[in-house]
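In: Output the structure for:
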Amino acid sequence: MLGADGEPEERRDVPESSGVSSQPEPQVQHQLGSLYGVPWQPPGPPIQHSPADQETSAVTQQQWHLQGLGRSELQAARLPEAQLGEAAESSPSRSCLNTAGWGWPTGLGKGDPSRKLCGSRSVSLPLSVCRSFLLGSEVGQPYSSSPPSEEVLSLLRAIPPIPDEVVVRQKRAPHGSWKVGTLLHGKRVYAVAISGSTHHVYTCGSGYIRVWDESALQAGDKAPQAQLDLQDPQDCVVTCKLFPDEQSLITGGASQAVTLWDLAPTPQVRARLTSTGPTCYSLAVSSDAHICLACFHGFVEIWDLQNQILIRKHEVPVYGSRCVDITGNIFWTGGEDTTLYSWDLRNYQRLHQHDLQNEILSITHDPGEEWVLAGLRTSDIAFLHTRRNEQFKAVMKKYTRHHSLKFASCGSYFVTAIDTRLSGLEAPSLQKLFQIEESSGILCCDVSSDNQYLVMGSKSSAIVYQLLY
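Out: As a prediction, this is how the structure comes out:
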């Protein structure tokens, strides 16, 4: 539902029990829950920042400086220990960023001699073979340079070759960006998506979705390839997700349905999934595109996309339902109550909850589904491991209206958009790769799956950048 000014309808006030102060002035308190409202102010007297402190607070004993970010850039801080259930692994929370742990396959430690990593596959070797390789190191003797035994050679010959297309290669991270064009959507762009295969851009807002082909990306005045009118002109799309094969798009927002679109050969509606809530704030699609999660006020709808049926209407905390994401058999929700919740998709039980101490504005994950990132109202980014009790936070301490996160498909970097600034950060070092400053607020962002283009939505257009390597 839209207000008189074309903005999505304000969500709700936050009760005192939510952990967010109930003391702001009435007008600010009334707009606190709005998806695109005024900035929320912290309780107590306002924080005074000097010019040098606008982005980063001073380092405390629980924070450490990450190299490569400059003298007044991101800090990383250890989060409080989460109260994990019996099902959680007992690995201790780490007080430093473990580069080797980022994306390192579980159970495939560097010191495990019984595994041999071959491209994207691992092969088990008998202990006797491992001793043949590592005999000297195991008994404390210098490593022998004698040729391997016949048993070792026969096993190595039995390993099939790895096709080039399945070998995992480390992708480079971009070192900069170049503005190439502006897509004139005509209204606020609340959600945006860009494909890597065709470089088509989909700009979403009130009343319609516009489709732009690659030729429009480097032009400032070219007309869209198509315009997809919403069923009701008053409907507004505030969230969208491309399917992994980039042949379908799903949208949600201020309407009575979540809409599934076929994009090829001609964009058209495939199905309208009738919702039980007035406004969908966030969408998440599983990696196999079988399941879609739609986040509403106080509940999440779980949809079977293949059969287009509603599997379950799952209740979540009312003030923890601004955003949703999915990693494997776990889905995550968060919002104004400052808590990140994880849920089991198989039995719908709550797994854990993590108090992040600030309102959660966005949730995303890395391509390997090992790390979940939460963008906070303070511009901080919380990192939580999906299987181990490891978590840390990049600290900014700058209150923001909008905080969008997007991980690149290659996994080597992600982008974070805070108000008018977008930064590209390398993973896992968090070294700043590039930074973009826009004249108006950035409402959303996306990176093409081929890691060539970055697109951002603003008050009347979408801005396209080419990433430089």
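
In: all helices of the stretch 101-250 of the chain, in order?
Out: Counting by DSSP state H, counting those that start in this stretch, the stretch 101-250 of the chain has helices at residues 127-138, 150-158, 214-217.

In: ok, of those, where does mean pLDDT dip lowest?
Out: Taking each of the helices of the stretch 101-250 of the chain in turn, the lowest mean pLDDT turns up on helix 127-138, with a mean of 37.

In: low pLDDT regions in the chain?
Out: Low-confidence segments of the chain, defined by pLDDT under 70, are located at 1-146, 162-171.

In: change it to 50
Out: Along the chain, the parts satisfying pLDDT under 50 run over 4-5, 9-73, 80-101, 103-144, 167-170.

In: Now the closest residue to Leu156 other than its chain neighbours. Its backbone dihedrals?
Out: Spatial nearest neighbour of Leu156, excluding adjacent residues (CB to CB, 6 or more residues apart in numbering): Pro148 at 7.8 Å. To be clear about C-beta, it is placed using only N, CA and C from the backbone, and glycine gets the same treatment. Note on Pro148: its backbone torsions stand at phi -70, psi 160 [degrees, to the nearest 10].

In: so how many other residues sit close to Pro148?
Out: The criterion is other CB atoms under 10 Å. On that basis, Pro148 has 13 neighbouring residues.

In: That one and Gly457, how far apart?
Out: Distance, Pro148 to Gly457, using CB to CB, to the nearest Å: 58 Å.

In: Please state the backbone phi and psi of the closest residue to Gly176 other than its chain neighbours?
Out: Nearest residue to Gly176, sequence neighbours excluded (CB to CB, 6+ apart): Leu468, at 4.2 Å. Recorded main-chain torsions at Leu468 are phi -110, psi 140, according to degrees, to the nearest 10.

In: which residues touch Leu468?
Out: 174-178, 434 (CB atoms under 8 Å, 6 or more residues apart in numbering).

In: Neighbour count for these - can I get that in JSON lines?
Out: As requested, these are arranged in JSON lines below (neighbours: other CB atoms under 10 Å):
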{"residue": "Pro174", "neighbour count": "24"}
{"residue": "His175", "neighbour count": "12"}
{"residue": "Gly176", "neighbour count": "14"}
{"residue": "Ser177", "neighbour count": "19"}
{"residue": "Trp178", "neighbour count": "10"}
{"residue": "Phe434", "neighbour count": "20"}
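
In: Between all of these, which two are separated the most?
Out: Checked with CB to CB, the contacts of Leu468 reach their widest spread between His175 and Trp178, with 11.2 Å between them.

In: how close does the residue nearest to Leu156 sit to Ile381?
Out: Taking CB to CB as the measure, Pro148 and Ile381 are separated by 47 Å.

In: likewise Thr279?
Out: In this structure, Thr279 lies at 26 Å from Ile381, with CB to CB as the measure.

In: What of Gly277?
Out: 28 Å.

In: of those two, who's got more company?
Out: Higher neighbour count among Gly277 and Ile381: Ile381, with 25 against 18, using other CB under 10 Å.

In: pretty sure that one contacts Leu405?
Out: Yes: contact criterion CB atoms under 8 Å: Ile381 and Leu405 qualify, at 7.1 Å.

In: Now do the shared contacts for those two.
Out: Shared contacts of Ile381 and Leu405, defined by CB under 8 Å, 6+ apart, comprise 373, 375, 416.

In: Out of the residues you listed, which comes closest to Ser409?
Out: Nearest to Ser409, judged by CB to CB, of the shared contacts of Ile381 and Leu405 is Leu373 at 14.8 Å.

In: So which residues make contact with the helix or strand where the closest one lies?
Out: Element membership for Leu373 (DSSP states H and E) is strand 371-376. With contact meaning CB under 8 Å, 6+ apart, strand 371-376 is reached by 102, 325, 327, 332, 334, 340, 356, 358-366, 381-386, 403-405, 407, 414, 416.

In: which other helices and strands contact the helix or strand following that strand?
Out: Elements were assigned by DSSP H and E; along the chain past strand 371-376, the next helix or strand is strand 381-385. Counting by 3 or more CB pairs under 8 Å, 6 or more residues apart in numbering; DSSP states H and E, the packing neighbours recorded for strand 381-385 are strand 371-376, strand 391-395.

In: Mind listing residues that contact strand 381-385?
Out: Contacting residues not belonging to strand 381-385 are listed as 79, 101, 340, 354, 356, 370-376, 390-394, 396, 405, 416 [CB under 8 Å, 6+ apart].

In: coming back round to it: closest to Arg312 among the contacts of Leu468?
Out: Out of the contacts of Leu468, the one with the shortest distance to Arg312 is Pro174. That distance is 40.1 Å, counting by CB to CB.
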